[in-house]
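Sharing a sequence plus its predicted fold:
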Amino acid sequence: DVASSYSQPTLPAVPPVQAVRPPPAAVGGGSHSQPTFPPRAPVRAVPPPATLVSTATPGALLAAFLAKADPSAHLRFPLAVSPCSHPAVSCSADGQITRLVLESSGLNGTFAPATLSRLVELRVLSLKSNALHGPIPDLSPLENLKALFLAGNRFSGPFPASVASLRRLRSIDLAGNRLSGALPPGIEVAFPHLTFLRLDANHFNGSLPAWNQSSLKLLNVSYNNFSGPVPVTPVMAQMGAAAFAGNPELCGEVLRRECRGSHLLFFHGPGNNGSAAPPVQSAAATGDGPQRDDISLPDSSTPRSRKLRRRAAIAVAATAAAFVAVLLLCAMIAMKRGKKRRRPSSAAYPSPKKSAAMSEVSRDNTDLGYVECVPDEETAAMMMPEEKARRLERSGCLTFCAGEGASYSLEQLMRASAEVLGRGSVGTTYKAVLDGRLVVIVKRLDAAKIGAAALEAEAFEQNMDAVGRLRHPNLVSLRAFFQAKEERLLVYDYQPNGSLYSLIHGSRSSRAKPLHWTSCLKIAEDIGQGLAYIHQASRLVHGNIKSSNVLLGSDFEACLTDNCLAFLLESSEVKDDAAYRAPENMKSNRRLTPKSDIYAFGILLLELISGKPPLQHSVLVATNLQTYVQSARDDGVDVERLSMIVDIASACVRSSPESRPTAWQVLKMIQEVKEADTAGDNDSDLTSNS
Ligand SMILES: Nc1ncnc2c1ncn2[C@@H]1O[C@H](COP(=O)(O)OP(=O)(O)OP(=O)(O)O)[C@@H](O)[C@H]1O
């Protein structure tokens with residue numbers, strides 16, 4: 001029994017999760033009943049970059065950049081007119097570009113050297129959430145740059161040394177790329193004003209620098225291959241263990257993981273040759289700073305540690321003072337506006353049936369008289385999520401998640417043209433187009449379906465804040481959320497290629513075959529990656545895994561959506577898809593756990609490889625799953641490998657939650673089958689697609 005042998009405790013207890021997906025390839029391979037992928041759009045007709053660069057006007061430099069970054073001219077950027085008139089661009093009085101925000105714009109080429117890097121007046125550059133690949137070019141001429149957001153692309157190569165020369169940088173976000181190698185020496189002191197640094201979900205290795213500038217409010221290096229002790233500086237200790245998670249070789253007291261060859265968890269960072277040194281107490285441990293239950297550091301009374309402690313206390317006090325000041329400011333603005341505006345007490349939570357389009361959302365919310373608290377874009381780009389949160393009044397604010405720059409305002413969101421995509425278990429889903437360019441998905445929660453408890457403002461904000469921090473190539477990102485008195489909206493990335501449900505069942509006739517075997521393995525691995533990340537990185541529960549909650553991204557990568565809305569489902573009488581519901585959750589008052597996600601994943605796996613609808617529990621227990629799946633496939637898939645996947649699914653759907661494998665174990669099992677399959681393909685004895 002493959003599954004039971006895999007579920008032996010041979011796997012690490014706290015394993016790493018590969019947060020970066022492998023190169024897209026498998027989905028769509030083969031000729032057997034595959035979706036027809038859209039053909040490539042024609043190449044933009046622009047002069048060759050060299051010609052453009054030599055003229056060196058901002059417009060020409062931008063054109064040269066787009067010629068390489070957007071080879072299919074997907075963006076339709078109007079290059080004939082001045083770029084300054086485009087909403088993605090801000091310019092100085094003399095026409096120099098100071099801000100360029102091309103997020104989620106479908107850029108899938110490369111970042112050509114000597115293009116944007118010659119826009120020397122740039123303050124903010126964001127190319128987040130595209131599919132740019134290749135190295136990050138030399139950016140050293142951008143001496144004025146304060147915010148650099150390149151997260152969520154496929155950049156490869158080392159940490160760009162040129163970035164380390166940009167001393168004015170305050171915000172750096174390189175998360176979710178394929179960057180590798182050690183960080184440049186001296187990077188910990190390269191940016192005196194650094195407030196925000198995200199390097200998570202890359203392939204960086206080597207030791208961690210000892211960042212300790214008091215300005216640094218957010219640091220995340222999780223899901224890389226860093227090794228050695230996490231330096232115990234007051235600033236790093238305050239970040240909490242999650243900031244360093246997913247680096248199996250990291251150790252030290254911040255992670256409460258003993259370093260090999262050391263019996264003392266006292267470190268002063270790299271460079272001390274691992275020798276034991278007196279411990280440094282973090283601000284968290286002084287009781288002054290935000291308390292984190294995962295950090296408890298030993299006491300110390302050396303002069304050095306006292307100095308560090310004093311500094312930490314000052315930093316925490318300053319942060320607290322700023323927090324109070326901003327709250328007061330927000331409250332004053334709210335009171336002032338509240339006096340001016342009518343605030344109808346009867347602003348009912350509109351029924352989704354009533355609101356067929358976002359224009360209705362717009363009318364409702366205008367009447368609510370919300371407080372607009374989105375800062376201007378440059379400020380937002382440099383603000384910490386915490387700072388943004390401080391700007392958040394209890395109602396009526398649009399909050400951007402996980403350090404996202406505020407790339408649109410609440411007003412733009414409310415003005416967006418929108419179409420209803422469907423009515424799900426927790427509300428209505430709209431596809432909204434902001435200012436005719438940016439497409440987002442807006443989910444409008446329906447209080448009647450969910451119940452008031454889960455929508456209570458503070459709990460809702462806390463939950464969405466946690467969900468908004470999830471960033472993984474196989475998860476649909478929550479970008480922002482909005483709450484007014486009786487309104488809750490969630491804003492997600494738009495996924496262009498439909499759902500797995502449609503792919504499996506959509507246009508198929510009743511005699512249709514299941515998806516190509518290679519695609520099945522790739523999709524199963526993608527979902528496994530996303531789920532393992534949720535369980536490992538955040539310790540949250542997805543709560544609603546099913547084929548309609550797996551969407552296909554621009555490269556047909558499978559992405560889980562509606563992530564971690566379990567808190568909405570638990571407290572309600574929501575009618576979810578019962579087939580995916582674990583037997584222990586059949587009662588209405590259910591507590592969703594990682595093991596209920598695993599059960600749902602098992603059902604989904606069977607659906608994926610058989611091409612048949614999800615099996616109800618009562619049918620499942622009476623079914624020989626091997627026969628059930630094999631009878632659904634007549635495409636020559638190697639029987640042994642097929643039965644290995646069925647074994648994995650069988651382990652997931654065991655009645656007892658304790659005996660189901662973890663998401664990480666499931667992922668490893670799928671990857672092993674996939675690797676065996678690839679090796680077998682090379683021997684050309686598998687998966688004939690007749
Ligand atoms: N991020 C997205 N990008 C593109 N389409 C989406 C996105 N999110 C949802 N959809 C589509 O919108 C439709 C409605 O989704 P919704 O989540 O409201 O319903 P559901 O998935 O059927 O039910 P549930 O609420 O139980 O998940 C579905 O067809 C879904 O594929």
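Ah, there it is. Keep in mind that what you see is a predicted model, and the values were worked out from it rather than measured. Residues are numbered from 1 along each chain as shown.

Next, residue 458: secondary structure please.
Taking DSSP: H, G, I helix; E, B strand; the rest coil as the rule, one finds residue 458 in the helix state.

Ok, residue 237 next?
helix.

and it, what pLDDT?
Note on residue 237: pLDDT of 82.

Where does the prediction get shaky in the stretch 351-500 of the chain?
Scanning the stretch 351-500 of the chain for pLDDT under 70 picks out 351-397, 402-407, 485.

quick one, what contacts the residue in it positioned nearest to the ligand?
Going by Cβ to the nearest ligand atom, the ligand is nearest to residue 424 of the stretch 351-500 of the chain, at 2.1 Å. In this view, the C-beta of every residue, glycine as well, is placed from N, C-alpha and C. Neighbouring residues of residue 424 by Cβ atoms under 8 Å, 6 or more residues apart in numbering: 443, 562.

Just give the closest residue to the residue of the stretch 151-300 of the chain found nearest the ligand, not the sequence neighbours.
Residue nearest to the ligand within the stretch 151-300 of the chain: residue 152 (14.6 Å; Cβ to the nearest ligand atom). Distances taken as Cβ to Cβ, 6 or more residues apart in numbering place residue 129 nearest to residue 152, at 4.1 Å, with adjacent residues excluded.

Likewise for residue 178?
Nearest residue to residue 178, sequence neighbours excluded (Cβ to Cβ, 6+ apart): residue 156, at 4.4 Å.

Help me confirm that that neighbour is found in a strand?
Yes: checked against three-state DSSP, residue 156 lies within a strand.

what about the residue nearest to residue 152, which SS state?
coil.

Check residue 670 too.
Secondary structure, three-state DSSP: residue 670 is helix.

For it, give me its contacts.
Contacts for residue 670 were tallied using Cβ under 8 Å, 6+ apart; they are 521, 524-525, 528, 645, 648.

what do you get for residue 110?
Residue 110 neighbours (Cβ under 8 Å, 6+ apart): 68-69, 132-134.

looking at the sheet around it, what are its partners?
Going by DSSP bridges, residue 110 is paired in beta bridges with residue 133.

just to revisit the earlier point, what backbone torsions are found at the residue of the stretch 151-300 of the chain closest to the ligand?
For residue 152, the backbone dihedrals are phi 70, psi 40 (criterion: degrees, to the nearest 10).

pLDDT weak spots in the stretch 551-690 of the chain?
569-576, 588-590, 680-690.

where exactly do the helices run in it?
566-570, 594-610, 617-621, 625-632, 639-652, 663-682 (DSSP state H, counting those that start in this stretch).

And those: which comes nearest residue 192?
Among those, helix 663-682 comes nearest to residue 192, with 39.6 Å by Cβ to Cβ.

Just give the number of residues close to the residue nearest to residue 152.
23 (other Cβ atoms under 10 Å).

where's it relative to residue 196, distance?
For residue 129, the distance to residue 196 (Cβ to Cβ, to the nearest Å) stands at 17 Å.

For residue 155, which residues are in contact?
So residue 155 contacts 111, 132-136, 174, 177-179 (Cβ under 8 Å, 6+ apart).

In a markdown table: those residues, plus neighbour count and distance to residue 548.
As requested, these are exported to a markdown table (neighbours: other Cβ atoms under 10 Å; distance: Cβ to Cβ, whole Å):
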| residue | neighbour count | distance to residue 548 |
| --- | --- | --- |
| 111 | 23 | 36 |
| 132 | 23 | 30 |
| 133 | 18 | 30 |
| 134 | 16 | 35 |
| 135 | 14 | 38 |
| 136 | 26 | 37 |
| 174 | 24 | 33 |
| 177 | 26 | 30 |
| 178 | 16 | 30 |
| 179 | 26 | 34 |
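
what secondary structure does residue 164 sit in?
From three-state DSSP, the assignment for residue 164 is helix.

the strands in the stretch 151-300 of the chain, which residues?
In the stretch 151-300 of the chain, the strands defined using DSSP state E, counting those that start in this stretch lie at 154-157, 171-173, 178-182, 196-198, 203-206, 218-220, 225-229, 249-251.

Which one of the ones you listed lies nearest to residue 85?
Per Cβ to Cβ, nearest to residue 85 of these: strand 171-173, 26.1 Å.

List the contacts of the closest one.
128, 146-151, 163, 191, 194-198, 381-382, 403.

how much space between residue 166 and residue 659?
Counting by Cβ to Cβ, the gap from residue 166 to residue 659 is 53 Å.

Those two - which one has more neighbours?
The neighbour comparison of residue 166 against residue 659 (other Cβ under 10 Å) goes to residue 166, with 20 against 11.

my read: the more buried one touches residue 139, true?
Yes: taking contacts as Cβ atoms under 8 Å, residue 166 lies within contact range of residue 139: 6.8 Å.

okay, and the common contacts of those two?
With Cβ under 8 Å, 6+ apart as the test, residue 166 and residue 139 both reach 145, 148.

Can you name the residues that contact the residue of the stretch 151-300 of the chain closest to the ligand?
With contact set as Cβ under 8 Å, 6+ apart, residue 152 has these partners: 128-130, 175-177, 471, 473, 477.

export those residues to TSV and tack on distance to residue 517?
As requested, the contacts of residue 152 are arranged in TSV below (distance: Cβ to Cβ, whole Å):
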residue	distance to residue 517
128	35
129	31
130	31
175	33
176	29
177	30
471	30
473	23
477	30
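
would you list those in a markdown table and tack on distance to the ligand?
Shown next, in a markdown table, are the contacts of residue 152 (distance: Cβ to the nearest ligand atom, whole Å):
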| residue | distance to the ligand |
| --- | --- |
| 128 | 16 |
| 129 | 13 |
| 130 | 16 |
| 175 | 20 |
| 176 | 17 |
| 177 | 22 |
| 471 | 15 |
| 473 | 14 |
| 477 | 9 |
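
still on that earlier bit, and of the strands of the stretch 151-300 of the chain, who's closest to residue 444?
strand 171-173 (28.6 Å).

what about residue 477, how many neighbours?
Neighbours around residue 477, by other Cβ under 10 Å: 25.

just checking, it touches residue 470?
Yes: contact criterion Cβ under 8 Å: residue 477 and residue 470 qualify, at 7.3 Å.

so how many other residues sit close to residue 496?
If you count neighbours by other Cβ under 10 Å, residue 496 ends up with 13.

How about residue 679?
Counted with other Cβ under 10 Å, residue 679 comes out at 10.

which ones are touching the closest residue to residue 116 other than its chain neighbours?
In space, and not counting its chain neighbours, residue 116 is closest to residue 65: 5.0 Å by Cβ to Cβ, 6+ apart. Taking Cβ under 8 Å, 6+ apart as the contact definition, residue 65 lies against 111-112, 115-116.

Residue 139 now?
Here residue 139 is in contact with 117, 145, 148, 160, 162-163, 166 (Cβ under 8 Å, 6+ apart).

Please produce CSV containing these, extended by pLDDT and distance to the ligand.
Below are the contacts of residue 139 laid out as CSV (pLDDT from 0 to 100; distance: Cβ to the nearest ligand atom, whole Å):
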residue, pLDDT, distance to the ligand
117, 95, 33
145, 96, 31
148, 96, 27
160, 93, 31
162, 94, 35
163, 95, 31
166, 95, 34
